[in-house]
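> coords please:
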Amino acid sequence: MKPLESPATPGAILSFDFDGTLYSPAEHPPVSLRLFQTLERLRQERGALWGINTGRSIGHVVEGLVDARFPFTPDWVVAREREIWLPTSLGRWTPFDSWNSACEREQGEFFKEVRGILATIRHEVEEHTGATWIEQPGDPAGLVARTDEEMAWIVSRIELHAAAEPMLGWQRNSIWLRFGHKKYQKGSSLAEVARNFGLSPAQTFAIGDSHNDFEMLSPDVSGMFACPANAVPEIREHVLKGGGHACLLPHSEGCVEALEHFFGTGS
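Sure thing, here's the model as predicted:
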């Protein structure tokens, strides 16, 4: 896979959450062929650059693209909700060093500052729930709950403890959660991608279905934002309240619906 031919002048940024939004393995095919056709059309008509904004690592993004049989690669990827990756002409992925290096440095320093709060949260989670605490390279603090209901209780306790540290953020997707600096999440990463290509929030489109998409589904980041029909209720309410488009169709068909809502159906 290689990227689509570069537009003479970029005219829009299209940001897609991956799992549950762009990609649904239960569907056949897992990504609608109409989406590929729409992306190619918007490249020609609008100079649109498209990318994936996900909690997956860059390696897992590549696996997902192969599984979904994408005919071309994204123009950019935000991995782990904060790392920006750009493709070479051969389709190999390289880190956007100025952003990624600052992110990892600040994250490392921040985790040292909040280790006491995280230790308190961990103790409470392990004492009162069956959730599993996770520590791994690059993500020194996270957890996996057994159910969405259990995760909702955990988040309520995190909010209580995090009140003492306003920059302590977390990214939740269903029963998974990772902690981090509030400065680095899908919204701020998308804004940096747009700046890198010389585009504004008014030229930015975003669509997502879960809790870790809140920050990119915001008018100060994306002037055009939407959620597919399968979005969690909190995201759907957030999109409608903010003046975005709540799709009638799920997954990638919803992505096509949202793109046609904001950009038209073409000639």
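
> those strands in the stretch 1-150 of the chain, which residues are they?
Here the stretch 1-150 of the chain has its strands, by DSSP state E, counting those that start in this stretch, at 12-16, 48-53, 76-79, 83-87, 93-95, 132-136, 139-144.

> What pairs with the third one, parallel or antiparallel?
Read it as strand 76-79. strand 48-53 (parallel), strand 83-87 (antiparallel) (DSSP bridges).

> In JSON lines, list the strands of the stretch 1-150 of the chain along with distance to residue 158.
Where you see a C-beta, it was placed from the backbone N, CA and C, and this is true even at glycine. Putting the strands of the stretch 1-150 of the chain into JSON lines (distance: least, C-beta to C-beta, whole Å) gives the following:
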{"stretch": "strand 12-16", "distance to residue 158": "26"}
{"stretch": "strand 48-53", "distance to residue 158": "23"}
{"stretch": "strand 76-79", "distance to residue 158": "23"}
{"stretch": "strand 83-87", "distance to residue 158": "23"}
{"stretch": "strand 93-95", "distance to residue 158": "29"}
{"stretch": "strand 132-136", "distance to residue 158": "12"}
{"stretch": "strand 139-144", "distance to residue 158": "9"}
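
> just so I know, which of the ones you listed lies nearest residue 113?
Nearest of these to residue 113, taken as C-beta to C-beta: strand 139-144 at 12.4 Å.

> For that closest one, what is the distance to the chain centroid?
Relative to its chain's centre, strand 139-144 lies at 17 Å (C-alpha atoms, centre = their mean, to the nearest Å).

> In it, which residues are buried?
By 16 or more other C-beta atoms under 10 Å, the buried positions in strand 139-144 come out as 139, 140, 141, 142, 143.

> Go ahead and confirm the fourth one touches residue 134.
Yes: Residue 142 lies in contact with residue 134 (C-beta atoms under 8 Å); the separation is 4.3 Å.
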